[in-house]
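K.L.:
sequence-free structure coming up:
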């Protein structure tokens with residue numbers, strides 16, 4: 001019987017990694033043939049012991065400039081539609097992308113676990129939003145801000161343009177003119193600790 005691959009081991013394309021009874025194969029970096037998991041690219045083995053997931057990673061994955069499902073993105077709200085908001089991405093997994101051509105939409109059903117009647121109750125243009133990529137549709141991405149870590153991380157007052165201060169779970173107040181506004185806020189609004197890097 002063949003020996004299964006070990007965590008952090010270097011493997012080549014086509015190399016035997018294990019069997020489906022032992023691991024869950026990663027669809028992006030492995031394939032299954034006759035119950036055996038085979039590497040579909042060269043790289044380093046990464047085994048998630050909790051999920052029993054086996055995958056092959058390489059330096060190209062770490063430094064990639066493309067967007068994949070599950071990525072965390074930060075972008076600016078460009079416009080509000082009746083049922084969605086459009087975002088231009090500035091970071092992908094905490095890495096800055098200048099002049100990014102990536103664009104995504106957050107549908108009203110993906111904003112929050114709570115009911116949102118109007119898009120403007122959750123977002124405004126120029127808000128900086130952290131979201132998760134949930135689906136790719138040609139050159140556009142469907143995003144979600146449902147979850148505590150996702151939502152608006154920076155917002156300016158609609159009246160005077162001053163940075164808004166958090167006063168409640170999804171409530172903001174302008175320290176300059178006193179204007180009150182509501183947003184779908186990320187937990188770390190006003191205290192963002194993203195490690196942005198090139």
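P.N.:
Sure thing, it's come through. Predicted model only: the values in this text are computed from it and were never measured.

K.L.:
after the host helix or strand of residue 136, which helix or strand is next?
P.N.:
For residue 136, the host element (DSSP states H and E) is strand 128-137. Towards the C-terminus, the helix or strand next in line after strand 128-137, according to DSSP H and E, is strand 140-144.

K.L.:
show me what the following helix or strand past that following strand is packed up against.
P.N.:
Later in the chain than strand 140-144, the nearest helix or strand by DSSP H and E is strand 151-154. The contact analysis (3 or more C-beta pairs under 8 Å, 6 or more residues apart in numbering; DSSP states H and E) places strand 151-154 against strand 128-137. (C-beta placed from N, C-alpha, C; glycine too.)

K.L.:
relative to strand 140-144, how tilted is the strand it packs on?
P.N.:
Interaxial angle of strand 128-137 relative to strand 140-144 (axes from the mean of the first three to the mean of the last three C-alpha atoms, to 10 degrees): 120 degrees.

K.L.:
beta partners of residue 33?
P.N.:
Beta-bridge pairing of residue 33 under DSSP bridges involves residue 36.

K.L.:
mind checking pLDDT for it?
P.N.:
Per-residue pLDDT puts residue 33 at 94.

K.L.:
could you report the neighbour count for it?
P.N.:
Other residues lying near residue 33 total 8 when counted by other C-beta atoms under 10 Å.
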